[in-house]
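dropping a prediction and its sequence here:
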Amino acid sequence: MIRAMAVTVSNRAAAGVYEDRSGPVLVEMLQDLGCQVDGPVVVPDGEPVVDVLRDAVSAEYDVVVTSGGTGLTPSDRTPEMTRLVIDREVPGIAETIRLENRERVPTSILSRGLAGVAGRTLIVNLPGSTGGVRDGVTVLGRVLAHAVDQINGGDHPRPA
């Protein structure tokens, strides 16, 4: 079973200004993919993102999916914090998430989310909206098991 952590990055939700709506959606969708999920952990943007990601890598989660902090506002710094933790990027995941629904949601291309590997943990940044989470996990779900297998040294499947 894939061990997953869901992280909501939101200054306002972390401060109690409003309730986290995307985190519960993220948890439910990861569970629907068969993951054992912890969270959602709610943190403000900036250094707390680095801390929670490093803790998750140390705890050997297979995947950490963040929601929020990927936009264009000055406080949106999740990709920059993620880049401090990952060893190598997996750009195809983030690119596909951005492009998958661009005709229905043209603003999806404004997300700056990253995907990458830190140690043996896949980290994926999703937008903070519930729709962005749904769209992103739908894309991630198509490759998650294979990605985790590859990160852990698995071979490419071969036709019989």
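Ah, there it is. Note that the structure is a prediction, hence the values are computed from the model and not measured.

so where's the protein shaky on pLDDT?
157-160 (pLDDT under 70).

would you agree I97 is in contact with L140?
Yes. Here I97 reaches L140: they are 7.4 Å apart, a contact under CB atoms under 8 Å. Using the backbone N, CA and C atoms, a C-beta is placed for each residue, glycine as well.

please identify every residue contacting each of those two.
Counting by CB atoms under 8 Å, 6 or more residues apart in numbering, the contacts common to I97 and L140 are V124.

neighbours around the spatially closest residue to M1 that is not a sequence neighbour, how many?
Once flanking residues are discounted, M1 sits nearest to Q36: 5.1 Å by CB to CB, 6 or more residues apart in numbering. As a burial measure, Q36 scores 13 neighbours (other CB atoms under 10 Å).

what's the answer for E19, then?
Counted with other CB under 10 Å, E19 comes out at 10.

could you measure from the residue nearest to M1 over to I2?
Separation of Q36 from I2 (CB to CB, to the nearest Å): 7 Å.

ditto for R54
20 Å.

cool, V137 as well?
13 Å.

the more surrounded of those two?
Higher neighbour count among V137 and I2: V137, with 24 against 18, using other CB under 10 Å.

residues touching whichever strand or helix holds the more buried one, excluding its own?
Using DSSP states H and E, V137 falls within helix 130-141. Helix 130-141 is contacted from outside by 21-22, 25-26, 29-30, 33, 65, 67, 93, 96-97, 100-101, 105, 108, 111, 113, 124, 126-127, using CB under 8 Å, 6+ apart.

apply 6 Å and report the result again.
Applying CB atoms under 6 Å, 6 or more residues apart in numbering, the external contacts of helix 130-141 come out as 21-22, 25-26, 29, 33, 67, 96-97, 100-101, 124, 126.

ramachandran coordinates for G46?
phi 100, psi -150 (degrees, to the nearest 10).

since we're on it, how many residues are nearby?
Residues near G46, counting by other CB under 10 Å: 16.

before we move on, the earlier item: closest to D45 out of the contacts of helix 130-141?
Using CB to CB, S67 is the member of the contacts of helix 130-141 that sits closest to D45, with 11.7 Å.
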